[in-house]
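S.K.: Starting from these lines, generate the structure:
(2 chains)
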Number of protein chains: 2
Amino acid sequence: MRIAVDAMGGDEAPFVNVSGSIQAVKEDSDIDIVLTGNEDSIKDCFKQMDLKHDNFEIVNASQTVEAHEKPTDAFRKKKDSSISVGLRMLKEKKVDAFVSAGNTGAVVAFSIFTLGRLKGVLRPALASFFPTLSGCCLVLDVGATSDTKAINLLQYAIMGSIYYQKIVGKENPRIGLLSIGEESTKGKGLTYQAFQMIEKSGLNFTGNIEGNDILKGKADVVVADGFAGNAILKFGESIVNIILDGFRNAVKGNLRYKLGGMLLKPAIKKLFKRMNYEEYGGAALLGVDGITLISHGRSNARAIKSAILAAQKDAREKVNEIISQKLKGINMEGNSG
Amino acid sequence: MRIAVDAMGGDEAPFVNVSGSIQAVKEDSDIDIVLTGNEDSIKDCFKQMDLKHDNFEIVNASQTVEAHEKPTDAFRKKKDSSISVGLRMLKEKKVDAFVSAGNTGAVVAFSIFTLGRLKGVLRPALASFFPTLSGCCLVLDVGATSDTKAINLLQYAIMGSIYYQKIVGKENPRIGLLSIGEESTKGKGLTYQAFQMIEKSGLNFTGNIEGNDILKGKADVVVADGFAGNAILKFGESIVNIILDGFRNAVKGNLRYKLGGMLLKPAIKKLFKRMNYEEYGGAALLGVDGITLISHGRSNARAIKSAILAAQKDAREKVNEIISQKLKGINMEGNSG
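M.R.: Residues are numbered from 1 along each chain as shown, chains lettered A, B, ... in the order given. Coordinates of the predicted model:
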């Protein structure tokens, strides 16, 4: 299995990407890594770790997409960026998947432009794992698509169900539709329409769920439009960070708090590790014709390793083939009805 | 100033509503409270506290809307509920404002049906204060309206700006528009359209903000569609609760953690108090022809008191008159353009 890794993506590039790649290969020798990016910088990372780069293919890319660059501008101007180079290799089937911790908007846009949509998919969705009280759930779309229609939400439910089943290994995962209170049992809104469609889809649909149900694990797959999905993902991250910062400041306060903090540290660390989205690898861009995993910009080597392993599983389990197959079935039913 | 309080709303009704009302009157003797609900239960609360109810008007209501009742059904069936009775008094100008910790969807729907919309307002919005690193911000809409249009978002911006200015006392508050990454600087989406409108409105518009910017205090007023606003409100609350539960469980773990927890308790309490939305009174339903404040179902007496005081300020500052006036100006400009 050959996986291209964007060496230049994320806040601590290229080091965490290189060292995450090394960890992934150590864990599974079946993985071959292709690092895309500035060749000299990449080789420097190996040197720093006193390691040889012989087992890693390095493909030079002269450009890097910055964290806040506009995706469409970047796509036009940076044809030789580490993202473009990796995705072109994927398009040409020289690799089986692409992993990047770079500018999320750019990786999404570049992937859609370069790989195209999977047959039958109207809009791609970014699917991110959230920790829950009982395990984890997959929320999609967390921001690949804006101006979502009901049919898109149905397709997210189908793609999410297949992805969750193959990656987490749970048969027939429960699908929940994000909604607000009463809206979705009446009216003509997006959620109401999507509700009717998903209900008839044959998926294991548990109905509407609200924002406060997500972390309770009321559903394995939470279907949301990209706007709301993105808002809760980012808002949630910021809450966790603010509480964590609040603690760090609190335990600096005085001797009593310092001591309390020292005693509680392992428990706090464990608690926040569960809340930390970085532990969950990366978000999969479902619905494009190829496998793209997008890691958080603040990923550490362990998160990059997790993303590489998730990408490998995605490829091995042929998630995209199954999605295409399933959508063909659904579309036919829809046309005959 | 006469304020009707729904004695039967919330998880700990009627006790917290009665005792919150007593606290409010203690804090400001200019407030007269009218308690709506089951007269006997209300009088029992005073008895329990060994207090006389002579200074409180009690208006009996034979019905109570339950927490998970469907708003439209309840409105049809429960014409003599504590919510209906209070809102009718408001409609008939027998009171200046109405406060309820009851079923949010029901209070919103009953208010819209009973009071009607304020002149010039197309859709009402529920406006909720969120704590930020530097103070607080007002997020609207957190769920009064679904299927929002750009013109609604412009009106939210105007109403939110006026409300924030009058309640918090900050002139010319900064307005941010919730968006996801790139979407809103291009395309034809809702956020893009709203951006253009708010930009021309003469408000202090700081542009787009993302979900992770809200708690950083990048804007005083955050404009969002009711779906996304509701999702982040509920998701955020659930994160805070889960982390808090996690702590409670962690400090039960062993002697070391127990001791650490005891030492850190005041700091943790202080931290979570800031994150606790209940401390911020209630959410105002802006855009209806009357003042409705909706408190959290889990409100304690202090939260009810805060909501009553906020309702009083809202009435005293004539927020609704100013909103009507301002919208008239904006609409005229729109028509002449």
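
S.K.: what sits against residue A:53?
M.R.: Contact criterion Cβ atoms under 8 Å, 6 or more residues apart in numbering or on different chains gives A:42-43, A:46 as the residues in contact with residue A:53. Using the backbone N, CA and C atoms, a C-beta is placed for each residue, glycine as well.

S.K.: quick one: is whichever helix in chain A runs longest near chain B?
M.R.: As far as residue count goes, and with DSSP state H defining each element, the longest helix of chain A is helix A:226-250. Yes - using Cβ under 8 Å from any Cβ of the partner chain, helix A:226-250 reaches chain B at A:226-228, A:230-240, A:242-243, A:246-247, A:250.

S.K.: Please enumerate the helices of chain A.
M.R.: A:15-27, A:39-48, A:71-77, A:82-91, A:104-115, A:150-168, A:190-199, A:226-250, A:255-275, A:301-316, A:319-336.

S.K.: Just give me the lowest mean pLDDT stretch among these.
M.R.: Least confidently modelled of those is helix A:319-336, at a mean of 74 by mean pLDDT.

S.K.: so how far is the first residue of stretch A:114-124 from its last?
M.R.: Across its full length, stretch A:114-124 reaches 13 Å between end residues, using Cα to Cα, to the nearest Å.

S.K.: ok, and what's touching that stretch?
M.R.: So stretch A:114-124 is in contact with A:84, A:87-88, A:90-91, A:108, A:111-112, A:141, A:144-145, A:148-149, A:151-152, A:155, A:159, A:285-290, A:292, A:320, A:323-324, A:327-328, A:331, going by Cβ under 8 Å, 6+ apart.

S.K.: now the residues you listed: which count as buried?
M.R.: Judged by neighbour count, with 16 or more other Cβ atoms under 10 Å in any protein chain shown as the criterion, the buried members of these are A:84, A:87-88, A:90-91, A:108, A:111-112, A:141, A:144-145, A:148, A:152, A:155, A:159, A:285-290, A:292, A:320, A:323-324, A:327.

S.K.: Find the nearest non-adjacent residue to residue A:284, please.
M.R.: Beyond its immediate neighbours in the sequence, the residue positioned closest to residue A:284 (Cβ to Cβ, 6 or more residues apart in numbering or on different chains) is residue A:127, lying 4.9 Å away.

S.K.: Name the residues linked to that neighbour by a beta bridge.
M.R.: Each beta-bridge partner of residue A:127 is listed here, defined by DSSP bridges: residue A:140, residue A:284.

S.K.: Hmm, residue A:42 is touching residue A:14, no?
M.R.: Yes - in this structure, residue A:42 is within contact of residue A:14 by Cβ atoms under 8 Å, at 5.5 Å.

S.K.: quick one: the residue of chain A most remote from its centre from chain B, how far?
M.R.: Here chain A reaches farthest from its C-alpha mean at residue A:255, the gap being 41.5 Å by Cα atoms, centre = their mean. In this structure, residue A:255 and chain B are separated by 10 Å, where distance is defined by Cβ to the nearest Cβ, to the nearest Å.

S.K.: ok, now which ones touch that residue?
M.R.: The neighbours of residue A:255, taking Cβ under 8 Å, 6+ apart as the test, come to nothing; the list is empty.

S.K.: Over to residue A:179?
M.R.: Taking Cβ under 8 Å, 6+ apart as the definition of contact, the neighbours of residue A:179 are A:191, A:195, A:208-210.

S.K.: Nearest spatial neighbour of residue A:167, chain-adjacent residues omitted?
M.R.: Residue nearest to residue A:167 in three dimensions, not counting chain neighbours: residue A:313, with 5.8 Å by Cβ to Cβ, 6+ apart.
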